[in-house]
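Asker: need a 3D model of the sequence below.
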Amino acid sequence: MTTVTSVTDLYPSRGTTEVSAPRKDPVVWGSPDTPGPIPTGDLQAFERDGFLSMQDLLRDDEVDVYRRELERLVADPAIRADERSIVESKSKEIRSVFEVHRISEVFARLVRDERVVGRARQILGSDVYVHQSRINVKPGFGASGFYWHSDFETWHAEDGLPNMRTVSVSIALTENHDTNGGLMIMPGSHRTFLGCAGATPEDNYRQSLQMQDAGTPSDEALTGMASEYGIKLFTGRAGSATWFDCNCMHGSGDNITPFPRSNVFIVFNSVENKAVEPFAAPVRRPEFIGARDFTPVR
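Answerer: Below is the predicted model of the structure:
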């Protein structure tokens, strides 16, 4: 099946060969006077590095509320049976629960929190909607990681996001140590688009949410990017947060420590960058992974 779209493909991927190309879109879309909670210096750092971390987005009492809600959802048999729950291939424990802002009013309030959505509006220079939300559960003793990838490569190829006008926030609900599988980003990698080789299988999402294959860079490309940009590992207290551009090359390792690492992950997309048909996939992914409801967050 050939996908037809009326939007120019600025970032070809999933072809016969891997390709590298400069970014064609701004990083910060808002003007210097766009209102928001991010100071000018931090916004400039985000534009340069592709990420912004902060230690105190949430208070301890707020973290307790969200962590209890995460634990409630993971323990609920109905949630486990829902297709929006992804389990570890070996342990069969829940790995992620998608569309969590629709499943839980507690997390829906977090999405609407101006400390959260206000930063997304400021970076993207427009109203925003939630392209994806999920809780990630990384219990100790063997939870698997997420291999190196650019989110935009997948969201463009499989969800049909035309431009790099999307930002993610990962909010820690447990302590992020340097040993329990924390987020790693290559600073500055957001300025280069890496188009991955290989066609997208139908229903690729079923496999990729457990172990990604299509849309993963080659060892050679990753070595080159890591040599050029380096790797930043994010640590911090529960309640800390990391904002990062959709095209950052990032990943996380397995957690073989006794200490869990859980977070809530929210993807905001500009209402001016609505998804069209996939650019390099035979069918759309389900809406709980790539939203087709473009209602702005209020």
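Asker: chain neighbours aside, what residue packs nearest to Arg84?
Answerer: What sits nearest to Arg84 in space, not counting adjacent residues and going by CB to CB, 6 or more residues apart in numbering, is Phe98, at 4.4 Å. Just so you know, the C-beta spots here come from the backbone N, C-alpha and C atoms, and that holds for glycine as well.
Asker: which residues does that neighbour contact?
Answerer: 84-86, 132-134, 288-289 (CB atoms under 8 Å, 6 or more residues apart in numbering).
Asker: how does it look with 10 Å?
Answerer: 82-86, 132-135, 209, 265, 286-289 (CB atoms under 10 Å, 6 or more residues apart in numbering).
Asker: counting neighbours, which of the residues you listed comes out on top?
Answerer: For these, the largest number of neighbours (other CB atoms under 10 Å) sits with Ile135, at 26 neighbours.
Asker: residue ranges for the helices of the stretch 51-200 of the chain, please.
Answerer: 60-75, 77-81, 100-103, 105-112, 114-124, 151-154 (DSSP state H, counting those that start in this stretch).
Asker: what's the third one packed up against?
Answerer: Using 3 or more CB pairs under 10 Å, 6 or more residues apart in numbering; DSSP states H and E as the contact criterion, the neighbours of helix 100-103 among helices and strands are helix 60-75, helix 77-81, helix 105-112, strand 128-138, strand 261-270.
Asker: how about JSON lines for the helices of the stretch 51-200 of the chain, with mean neighbour count added?
Answerer: Output for the helices of the stretch 51-200 of the chain, formatted as JSON lines (neighbours: other CB atoms under 10 Å):
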{"stretch": "helix 60-75", "mean neighbour count": "16"}
{"stretch": "helix 77-81", "mean neighbour count": "11"}
{"stretch": "helix 100-103", "mean neighbour count": "22"}
{"stretch": "helix 105-112", "mean neighbour count": "17"}
{"stretch": "helix 114-124", "mean neighbour count": "21"}
{"stretch": "helix 151-154", "mean neighbour count": "25"}
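Asker: need those in a markdown table with mean pLDDT and distance to Glu272, can you?
Answerer: A markdown table is the format used below for these (pLDDT from 0 to 100; distance: least, CB to CB, whole Å):
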| stretch | mean pLDDT | distance to Glu272 |
| --- | --- | --- |
| helix 60-75 | 97 | 30 |
| helix 77-81 | 94 | 34 |
| helix 100-103 | 98 | 21 |
| helix 105-112 | 98 | 19 |
| helix 114-124 | 97 | 8 |
| helix 151-154 | 97 | 16 |
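Asker: number of nearby residues for Ser227?
Answerer: 9.
Asker: do Phe234 as well
Answerer: For Phe234, the neighbour count with other CB under 10 Å is 20.
Asker: in contact with it, which residues?
Answerer: Going by CB under 10 Å, 6+ apart, Phe234 touches 51, 53, 170, 172, 176, 178, 182-185, 240-242, 244, 250, 252.
Asker: how about the nearest residue to it, chain neighbours excluded?
Answerer: Using CB to CB, 6+ apart, the nearest residue to Phe234 is Leu183, at 4.6 Å.
Asker: what sits opposite the one you found in the beta ladder?
Answerer: Counting by DSSP bridges, Leu183 forms beta bridges with Ser252.
Asker: can you get me a residue count around it?
Answerer: Leu183 - counted by other CB under 10 Å - has 27 other residues nearby.
Asker: next one: Arg59
Answerer: Applying other CB under 10 Å, we find 10 residues neighbouring Arg59.
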